[in-house]
Structures are given as structure tokens and as C-alpha cells.
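A.B. asks: got a predicted structure here, sequence first:
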Amino acid sequence: MAFNILLFALVSALSAIIVRLILVVIKGRNNRSKVVGFFHPYTNDGGGGERVLWCAVKAIQEETTDLNCVVYTGDHDASPQSLMARAIDRFGVKLLHPPQVIHLCNRKWIEERTYPHFTMVGQSLGSVYLSWEALCKLTPLIFFDTSGYAFTYPLARVFGCKVICYTHYPTISSDMVSRVWKRSSMYNNDALITRSVWLSRCKFIYYTFFSWMYGYVGSFAHLAMVNSSWTQSHIEKLWEIPKQTKKVYPPCDTSGLQVLPLERPVKTPAIISVAQFRPEKAHTLQLEAFSVAVKKLDTGSPRPKLQFVGSCRNKEDEDRLQKLKDSAIELKVEGDVEFYKNLMYKDLVRLLGGAVAGLHSMIDEHFGISVVEYMAAGAIPIGKKTNLQSHLRLPWCPAHNSAGPKLDIVLEEDGKRTGFLASDVEEYADAILELLRMPETERFEMAAAGRKRAGRFSEQRFFQDFKTAVRPILAQLSKVNC
């Protein structure tokens with residue numbers, strides 16, 4: 001008897017929840033606002049993703065006056081005016097008018113620290129819960145994901161939204177699955193797992209299943225814009241919607257940087273590193289390489305300085321920055337290293353204008369906005385290479401040669417090289433030394449070639465390709481509203 005009562009109570013509760021969900025969805029579908037809702041929970045990350053957000057908002061504002069722009073954010077101090085000011089102060093993007101802001105209260109469910117294990121699944125399911133909050137607070141005509149939360153797309157479709165996304169990199173890729181199978185240790189593949197055959201096989205099964213799920217939810221997008229040929233190949237393979245997948249290079253500030261003079265100070269050469277303080281950016285490798293290069297400097301040679309410029313999203317990033325500062329002290333180069341956190345855009349331009357070189361050390365960089373910015377500013381890039389280098393036609397490129405930089409950015413310009421490659425601390429140090437010893441005329445020639453190449457990835461190109469991609473969907477909505 002008691003069991004029957006309990007079962008009846010559970011069924012009744014579950015039925016009530018389902019009915020409630022259906023009513024909420026029906027209400028949302030019937031009360032969609034004439035807005036484009038940008039799902040971007042972190043509007044203070046300061047990286048290339050945030051630049052894309054503000055350029056996308058501006059492009060929509062320029063393309064149509066029928067739809068307002070709304071930003072869903074978990075930053076509770078964000079306001080329309082502060083976000084508009086941030087767009088121009090941090091990125092030089094001037095919006096036509098302030099976007100509406102919807103504050104999200106449950107951002108903790110997409111934070112990495114919330115899920116010590118099975119992080120990808122946890123964050124993905126957490127994003128569904130967060131998008132539920134967003135869609136219930138305001139249901140837009142277009143749900144625009146600019147942060148890579150593909151698991152939100154089916155829910156947005158249920159609410160009757162058109163789903164558009166700008167994908168910087170796939171949440172999971174065949175490269176990640178391959179590393180697990182080969183038991184290669186990296187920041188996202190713990191050494192404890194790589195040492196165990198059984199754990200590695202279990203993680204391989206987990207990754208394979210997640211990859212299938214990611215492909216399924218991604219296929220719900222009406223339009224998927226991707227930032228590079230590397231990302232495009234992965235997304236087309238996983239999501240299987242090639243006709244809805246469009247390559248739109250991210251907006252790089254080439255015009256503002258290309259006016260900087262190519263001549264640089266030689267008394268204290270500056271080497272800059274622009275990247276968020278995240279583990280995959282490999283800042284420690286750069287610092288160690290700089291330390292080795294300084295020790296190998298010729299007597300009487302000008303002593304360089306290393307400038308780390310980046311943003312911190314959370315406490316974990318703050319801790320990484322502090323460890324980097326501690327490492328500089330341990331390596332006895334603290335007097336030669338400068339740290340700039342959450343820098344204003346105008347100050348970043350000033351630093352780029354004084355740098356002779358730019359460091360990049362991320363493996364599988366999906367595009368590499370910082371590489372383009374180095375080249376546009378006249379700073380010669382020194383970046384990551386792999387064992388695949390012997391199979392390439394080009395002997396010089398600034399970044400990991402299996403992802404965006406190889407396929408899109410770093411190609412010889414007029415037969416001239418545009419940077420250096422390195423694979424470990426010693427090779428990075430040797431590249432730094434070679435650059436410092438290079439005659440000014442040779443450095444000037446390489447910088448000029450890089451600047452010309454960087455001109456292919458301008459904000460103007462982004463606006464043009466972005467608007468071309470979204471126009472069919474905007475036209476469909478206009479016909480429906482008419």
C-alpha cells in the first residue's frame with residue numbers, strides 16, 4: 001500500500017514537471033521577442049571570442065533595424081552602457097547603440113571547477129540548464145551562440161528559435177580522441193590516465209560517445225559559422241551539415257595595427273605574448289625559453305624584455321598568472337619580464353607597436369588572432385611546430401602547423417618568410433636569439449611580408465562574410481513577420 005502511494009506521488013510529481021515544462025515552452029514559442037539573443041555567458045573574458053561577439057552585434061545592428069540585440073551574460077555588473085563602452089575600450093568596436101542585457105544567475109553550472117571529473121559532459125549539460133534560464137527570461141527569434149555551447153541548440157529549436165552559432169573550435173575533435181588512444185599526456189589528458197591502459201581505453205570510449213552526442217546536437221544549427229579551415233573540417237565531419245556551415249574568418253584589427261611604423265627600438269628589444277592566461281597557451285614554455293635566450297646573449301648585446309599581455313576569466317586564471325610571476329623570480333628574469341592583465345585596447349596597440357617579435361605556443365590553435373595581430377603590427381611571430389614539419393612545403397610559419405595558422409594564415413607572401421618555428425624550449429630560445437641578431441634590414445623585410453599577409457584577415461572582411469552568411473535567415477524572418 002505504502003509503495004503504491006509512493007509510486008503514485010512520484011508519477012504525479014513527474015507529470016506535473018512535464019506539464020510545467022510544456023507550458024513554459026508553449027509560452028516561450030508564443031511570446032518570442034523581435035530580438036537576436038547572443039548567448040555569451042562570459043562578457044569579460046577579453047579574448048578573441050569576445051571580439052567576435054561585439055563585431056557580430058555591430059554587424060546585426062548594421063544589417064537590420066527590425067531586430068534588437070540582446071546579450072545573455074552571467075556578469076551581474078554588466079549593463080547596456082558598460083558593455084558598449086567595453087566593446088570600444090577593449091576592442092575598438094563601436095556599436096550603433098547599446099545592446100539589451102539579460103543577466104543569468106546559474107553560470108556556475110558551466111564553470112570548469114564545478115566538474116572535477118567528466119568536465120565536458122558536465123559543462124555541456126550545465127549549458128542546457130543555463131540556456132533554459134535564458135530562454136525563459138526572454139525568448140528571441142534568433143538564438144545566437146558565440147561561445148561554443150552546442151548542447152543548447154536543440155532546446156532553442158524547441159522554443160521556436162532560429163539557431164545560429166559562431167564556432168571557434170569544436171568542443172571535441174578527432175585530435176583529442178587520437179591523443180587519448182595514443183596515451184599522449186597534455187593539459188586535457190592527465191598523466192595518471194596516460195599511464196594506465198585501462199583508464200585510457202575507458203576515456204577513449206567516453207570521448208567517442210561524447211563526440212557522437214556533440215555531432216548530434218550540433219546538427220540542430222540552422223547556420224554554423226566557423227573561424228578557420230581547420231575548424232570547418234572538424235565541424236563538417238562531426239555535425240554533418242556542410243551546406244549550413246560557412247567559413248567566416250574572425251575579425252582581426254589589421255587596419256589599426258598596419259599604420260604602426262615598422263621601425264622598432266633596438267636599445268631594449270621587446271618581445272610580446274598576447275593570450276588569455278589559460279593552460280593551453282603554454283606561457284611557462286615561453287618564459288623558460290626567454291630565460292635560456294637571455295643567458296646565451298652575446299656580451300654587449302641589448303637585453304630584451306618579455307611582455308605578457310592577457311586576461312583572466314576566473315580565480316584559476318589568476319592563480320596561473322601568479323605562478324607565472326613566481327616562475328620569473330625562480331628563473332631570475334623578473335626584472336626583464338612585464339605582466340599586463342586585462343589591458344585596454346589602446347594600450348595593447350601601444351605595446352604591439354614597440355615589439356620586435358610575438359610569441360605563440362599553443363598546440364592545435366584553431367585560428368590564431370594573436371598571430372595575425374603580431375604580423376599586422378610588424379612584430380615577427382615565433383611559434384609552435386610539430387614533427388609534421390618535414391612534410392610541409394613551407395619551411396617557415398608562426399604556429400602549430402596542423403591547425404588554423406598552417407591552413408589559413410601563414411603562407412609565404414611574395415616568396416618571403418614571415419616568422420620562425422620552434423618545438424621546445426631550446427628551439428624557441430634559438431629563434432629569439434636569431435631574431436635579436438638579425439640585421440635590421442632583414443627584420444624589416446620579414447615584418448613587411450608578414451604585414452601584407454595579415455591584411456587578408458581584416459574586420460572589414462569579417463563584416464562582409466558575416467552579413468552574407470546571415471542574410472538568408474534574416475530574409476526568412478522578414479517574410480514570416482510580413
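C.D. replies: That came through, no problem. Remember, predicted model here, so these are calculated numbers, not experimental data. Numbers count the residues shown, from 1 in each chain.
A.B. asks: quick one: mean pLDDT over stretch 449-468.
C.D. replies: Stretch 449-468 shows a mean pLDDT of 90.
A.B. asks: in it, what counts as buried?
C.D. replies: Neighbour-count burial for stretch 449-468 flags 449-455, 457-459, 461-463, 465-467 (criterion: 16 or more other C-beta atoms under 10 Å). C-betas here are computed from N, CA, C, even on glycine.
A.B. asks: farthest-separated two in these?
C.D. replies: Farthest pair in those (C-beta to C-beta) is A449 and K467. Separation: 30.5 Å.
A.B. asks: which ones among the buried residues of stretch 449-468 lie within helices?
C.D. replies: 449-454, 459, 461-463, 465-467 (DSSP state H).
A.B. asks: of these, closest to P242?
C.D. replies: For these, the residue nearest P242 by C-beta to C-beta is D465; the value is 16.9 Å.
A.B. asks: run a quick check on that closest one versus Y249, I expect a contact.
C.D. replies: Yes. Using C-beta atoms under 8 Å, D465 is in contact with Y249, at 7.0 Å.
A.B. asks: I'd like the distance between Y42 and F462.
C.D. replies: 21 Å (C-beta to C-beta, to the nearest Å).
A.B. asks: and A293, by the same measure?
C.D. replies: 35 Å.
A.B. asks: show me what contacts the closest residue to Y249 other than its chain neighbours?
C.D. replies: For Y249, ignoring the flanking residues on the chain, the nearest one in space by C-beta to C-beta, 6 or more residues apart in numbering is F457 at 5.2 Å. With contacts defined as C-beta atoms under 8 Å, 6 or more residues apart in numbering, F457 is in contact with 249-250, 252, 254, 372, 408-409.
A.B. asks: using CSV, lay out those together with distance to S174 and secondary structure.
C.D. replies: Shown next, in CSV, are these (distance: C-beta to C-beta, whole Å; DSSP: H, G, I helix; E, B strand; the rest coil):
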residue, distance to S174, secondary structure
Y249, 22, coil
P250, 22, coil
C252, 27, strand
T254, 31, helix
V372, 25, helix
D408, 19, helix
I409, 22, helix
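A.B. asks: let's have those in JSON lines, adding distance to L96.
C.D. replies: Below are those laid out as JSON lines (distance: C-beta to C-beta, whole Å):
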{"residue": "Y249", "distance to L96": "23"}
{"residue": "P250", "distance to L96": "21"}
{"residue": "C252", "distance to L96": "21"}
{"residue": "T254", "distance to L96": "22"}
{"residue": "V372", "distance to L96": "26"}
{"residue": "D408", "distance to L96": "30"}
{"residue": "I409", "distance to L96": "30"}
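A.B. asks: let me know the closest of those to A275.
C.D. replies: Nearest to A275 among the contacts of F457 is V372, at 13.2 Å by C-beta to C-beta.
A.B. asks: ok, the closest one touching P251?
C.D. replies: No. The criterion here is C-beta under 8 Å, and V372 misses it with P251 at 10.0 Å.
A.B. asks: the more surrounded of these two?
C.D. replies: Comparing V372 with P251 by neighbour count (other C-beta atoms under 10 Å), the higher total belongs to V372, at 32 against 28.
A.B. asks: now the more buried one: how far from D253?
C.D. replies: V372 is 9 Å from D253, where distance means C-beta to C-beta.
A.B. asks: may I have stretch 45-60 as PDB, with CA atoms only?
C.D. replies: Extracted in PDB, the C-alpha atoms of stretch 45-60 (Å, rounded to 0.1, in the frame of the first residue of the first chain):
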ATOM      1  CA  ASP A  45      36.900  37.100 -21.000                       C
ATOM      2  CA  GLY A  46      38.800  39.600 -23.100                       C
ATOM      3  CA  GLY A  47      39.800  37.100 -25.800                       C
ATOM      4  CA  GLY A  48      39.100  36.700 -29.500                       C
ATOM      5  CA  GLY A  49      35.700  35.200 -28.700                       C
ATOM      6  CA  GLU A  50      34.600  38.500 -27.100                       C
ATOM      7  CA  ARG A  51      35.800  40.500 -30.100                       C
ATOM      8  CA  VAL A  52      33.700  38.300 -32.300                       C
ATOM      9  CA  LEU A  53      30.700  38.900 -30.100                       C
ATOM     10  CA  TRP A  54      30.900  42.700 -30.400                       C
ATOM     11  CA  CYS A  55      31.600  42.600 -34.100                       C
ATOM     12  CA  ALA A  56      28.700  40.200 -34.600                       C
ATOM     13  CA  VAL A  57      26.400  42.600 -32.600                       C
ATOM     14  CA  LYS A  58      27.500  45.500 -34.700                       C
ATOM     15  CA  ALA A  59      27.000  43.600 -37.900                       C
ATOM     16  CA  ILE A  60      23.400  42.700 -37.000                       C
END
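A.B. asks: please enumerate the strands of the stretch 201-350 of the chain.
C.D. replies: With DSSP state E, counting those that start in this stretch, the ranges of strands along the stretch 201-350 of the chain come out as 223-226, 245-247, 270-274, 305-310, 337-341.
A.B. asks: please point out which parts of the second one sit buried.
C.D. replies: In this case it means strand 245-247. Going by 16+ other C-beta under 10 Å, strand 245-247 has these buried residues: 245-246.
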